[in-house]
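Student: Can you look at this prediction? I've put the sequence above it.
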Amino acid sequence: MDQTFRENTNKLRTDFLEHVDSKLCELIDGLVVGPREMNDSHNVSELSNSLLLSPAILSSDKQRSTTGGSLPEKVFCNRDSPLTELLRVPHFKTIHHIFIATLSLFMIHTLVIDLLHTGTLDFGVDMLLWAFGSRQTVLFFFIFMNLTAMLVLYPAFHFWATLRHDFELVVRKKVDRITAGIFLMFLLCFIFIPATILWMNPLPPASGAAVTMEQMRLMMKMYAFVRSCAPRVLAQDIPINRFKPESLDITDNICETPNGLTETPSAFLRKRTIQVHSVGSEQRRIRSKRRESWIRWDEEESGCPGFSKYVYFLCAPTLIYKDSYPMRDKIRWEYVCWNFGQFLGCIVYANFLLSRFGGTFFSKFGHPDHRMNLTQLIDALFSMMLPGIMCLILSFFMLLHAWHNAFAEMLYFGDRMFYKDWWNSSSFSVYYKTWNLIVHDWLYTYIFKDACELGLGKIWRPLPTTLVFLVSSLFHEYILCFSFNFFFPVLLTFFGGVGFALVFIKGSKTAFGNILMWMSLISGTGTITTFYTMEYYARLNCPPSPRFDFFIPRALTCNAFTMSLS
């Protein structure tokens, strides 16, 4: 009887799953055909999102601050990444499989061509090993920067948080200002010292990118920690010298006590002096405990978060400091391995794309006998749009999805909303807010929000947004400078100039708006990829400039172009 019951249960479960799958397929087919029969395509987009994504993903990740007039604050909750949920649907999983199949065929094509032309197989391993070269130097940078963040910043912050109460209020404010200046100098040194070493000892592109991105990550985390915890420490000020004997007026012969009785000034003064000594003893006891807490790093006595919380924040895939985050129950190691496998696959895919397309058009760029004419430049510009946008998508999937999901899983980190459905954006203002939520949340919380609350928006309304784009552009340009070992401000111009202007253009929430956004994104990415590839090969083929070679583009100074059409 038990066997019959189990068979009936399995049959019922199979029938139910088949029924749900068929209904889901009909629903998705209806969503594909539906927009042709509906006038409002924006409603269709919202309907499809609400059916395919969970409410936790569709809900806002910010809530209103409890402080009057403050902007909303970041809220963490347990939720998966949008692609994690979408890839559970067979239709979207097939698109993922198409990318894998395309990579496989692309690699086979490259290998066959190399075998026919050279008689050898080149899997791109040599290029990858070169791009990720100087691994000992990279390891030194990683260890040095992480130890600096853990063993220099935190003890110094804890020392300030526990011992600043030994000073009177006026002196304490001066100490706080001096400490803030020291912290800013520390951040500048944290940027300047590695940058100087990289300037004198250039690293290959991938290694340089890894070092500079880790540097920016740690700097943003340290700033977030201090910016989030310093107000908490300042709020724990202990008023000292509440009573000063010299402030008493003892000219009267009789003083009235709180009970309505009278006593002589000397008796009253002695009693108040005893109270002052009692208050002072209590303050000394609290200060002594705080001094001891600096040695023990005691969170309760100092007002500074515990060291374990700080270390977890340094490792967690977020740039917003909180004392606690939503956590998962267990680690799925097969999920971790799968994400790391996708991360490596994206690196191999990008390596094939760049070597195949970039080398084809620009490998001889800068040679005196191979000057590029206008027709070749236009052809290369449009031809690099496909590999450019593919590298952008691969970078997004590799870092924001695979890498961060793998580390979030290993750290039990619950909030996996590292990005939103940016591919549905119809304007760049929406695209910038949904492309990279990790960096966007940091810029919003510690740049835009602080600038607005300081009243900079009243001086000039776009000023907080301008500061956000300025900081973001400088960070991106810094990473590219020390990845390629030259200063070529194409991204700074496109992102900080054209991209900033596009923020104020409100696109229509229609299919046409989304198509226009993708056309702009593809053409802009292709142009940026073209110019950086040109400068990279010009650095290989052109002689260096006698002065300031790091800052002078060789693509513009080595006579590599001709204005003729052929």
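Tutor: The structure has been received and is ready for your questions. All values derive from a computational prediction rather than experimental measurement. Residues are numbered from 1 along each chain as shown.

Student: Got phi/psi on residue 199?
Tutor: Note on residue 199: its backbone torsions stand at phi -60, psi -40 [degrees, to the nearest 10].

Student: ok, now how distant is the spatially most central residue of the chain from residue 423?
Tutor: Most central residue of the chain, judged by C-alpha distance to the mean C-alpha position with Cα atoms, centre = their mean, is residue 439 at 3.1 Å. Relative to residue 423, residue 439 is positioned 18 Å away (criterion: Cβ to Cβ, to the nearest Å). Just so you know, the C-beta spots here come from the backbone N, C-alpha and C atoms, and that holds for glycine as well.

Student: my read is the residue nearest to the centre of the chain is in a helix, agree?
Tutor: Yes - counting by DSSP: H, G, I helix; E, B strand; the rest coil, residue 439 is found in a helix.

Student: Help me confirm that it comes into contact with residue 320.
Tutor: No - with contacts defined as Cβ atoms under 8 Å, residue 439 does not count as touching residue 320, sitting 10.8 Å away.

Student: Might you report the residue contacts of residue 474?
Tutor: For residue 474, the residues meeting the contact criterion (Cβ atoms under 8 Å, 6 or more residues apart in numbering) are residue 492.

Student: Please work out the average pLDDT along the host helix or strand of it.
Tutor: Applying DSSP states H and E as the criterion places residue 474 in helix 463-484. The average of the pLDDT scores along helix 463-484 is 90.

Student: cool, and stretch 384-396?
Tutor: Mean pLDDT, computed over stretch 384-396, is 89.

Student: can you pull the buried residues of that stretch?
Tutor: Within stretch 384-396, the residues scored as buried using 16 or more other Cβ atoms under 10 Å are 384, 385, 387, 388, 389, 390, 391, 392, 393, 394, 396.

Student: Count the neighbours of residue 150 for me.
Tutor: Here the number of neighbours of residue 150 (other Cβ atoms under 10 Å) works out to 16.

Student: ok, it touching residue 312?
Tutor: No - taking contact to mean Cβ under 8 Å, the distance of 11.5 Å between residue 150 and residue 312 leaves them out of contact.

Student: how about the helices in the stretch 201-350 of the chain?
Tutor: Per DSSP state H, counting those that start in this stretch, the stretch 201-350 of the chain carries helices over the ranges 205-234, 265-296, 299-302, 307-315, 333-353.

Student: Same question for the stretch 51-200 of the chain.
Tutor: Remark: helices of the stretch 51-200 of the chain, listed N- to C-terminal, are 55-58, 82-86, 90-118, 125-131, 135-148, 154-163, 169-200; assignment by DSSP H, counting those that start in this stretch.

Student: I'd like the distance between the nearest residue to residue 353 once chain neighbours are set aside and residue 415.
Tutor: Nearest residue to residue 353 in three dimensions, chain neighbours excluded: residue 387, at 4.4 Å (Cβ to Cβ, 6 or more residues apart in numbering). Residue 387 sits 33 Å away from residue 415, taking Cβ to Cβ as the criterion.

Student: How about residue 368?
Tutor: Relative to residue 415, and taking Cβ to Cβ, residue 368 is found at 56 Å.

Student: quick one, which of these two is more surrounded?
Tutor: With other Cβ under 10 Å as the criterion, residue 368 and residue 415 differ in neighbour count, and residue 415 comes out ahead with 25 against 10.

Student: I figured residue 198 hits residue 207, correct?
Tutor: No - the pair residue 198 and residue 207 does not pass the contact test of Cβ under 8 Å, sitting 9.9 Å apart.

Student: least reliable of the helices of the stretch 201-350 of the chain going by mean pLDDT?
Tutor: The stretch with the lowest mean pLDDT among these is helix 265-296, which comes in at a mean of 50.

Student: wouldn't residue 448 be in contact with residue 466 here?
Tutor: No - under the contact definition of Cβ under 8 Å, residue 448 does not touch residue 466, with a separation of 10.1 Å.

Student: Which residue of those two possesses the greater neighbour count?
Tutor: The residue with the greater number of neighbours, taking residue 448 and residue 466 and applying other Cβ under 10 Å, is residue 448; the counts read 20 against 15.

Student: and residue 461, how many neighbours does it have?
Tutor: Around residue 461 there are 11 other residues, counting by other Cβ under 10 Å.

Student: Wasn't it part of a strand?
Tutor: No - using three-state DSSP, the secondary structure at residue 461 is coil, not a strand.

Student: Need phi/psi at it.
Tutor: Comment: the main-chain dihedrals of residue 461 come out as phi -60, psi -40, following degrees, to the nearest 10.

Student: Report the contact partners of it.
Tutor: Contacts for residue 461 (Cβ under 8 Å, 6+ apart) come out as none.

Student: Cross-check the contact I'm expecting between residue 520 and residue 502.
Tutor: Yes - applying Cβ under 8 Å, one finds residue 520 in contact with residue 502, separated by 7.4 Å.

Student: Next, show the common contact partners of the two.
Tutor: Taking Cβ under 8 Å, 6+ apart as the contact criterion, the common neighbours of residue 520 and residue 502 are residue 428.

Student: Please report the distance of residue 224 from residue 318.
Tutor: For residue 224, the distance to residue 318 (Cβ to Cβ) stands at 9 Å.

Student: Kindly report the same for residue 510.
Tutor: With distances taken as Cβ to Cβ, residue 510 is found 34 Å from residue 318.

Student: out of the two, which sits in the more crowded spot?
Tutor: Residue environment comparison for residue 510 versus residue 318 gives the larger neighbour count to residue 318, 22 against 15, counting by other Cβ under 10 Å.

Student: In space, what's closest to the more buried one - neighbours in sequence excluded?
Tutor: According to Cβ to Cβ, 6+ apart, the nearest residue to residue 318 is residue 438 (6.4 Å).
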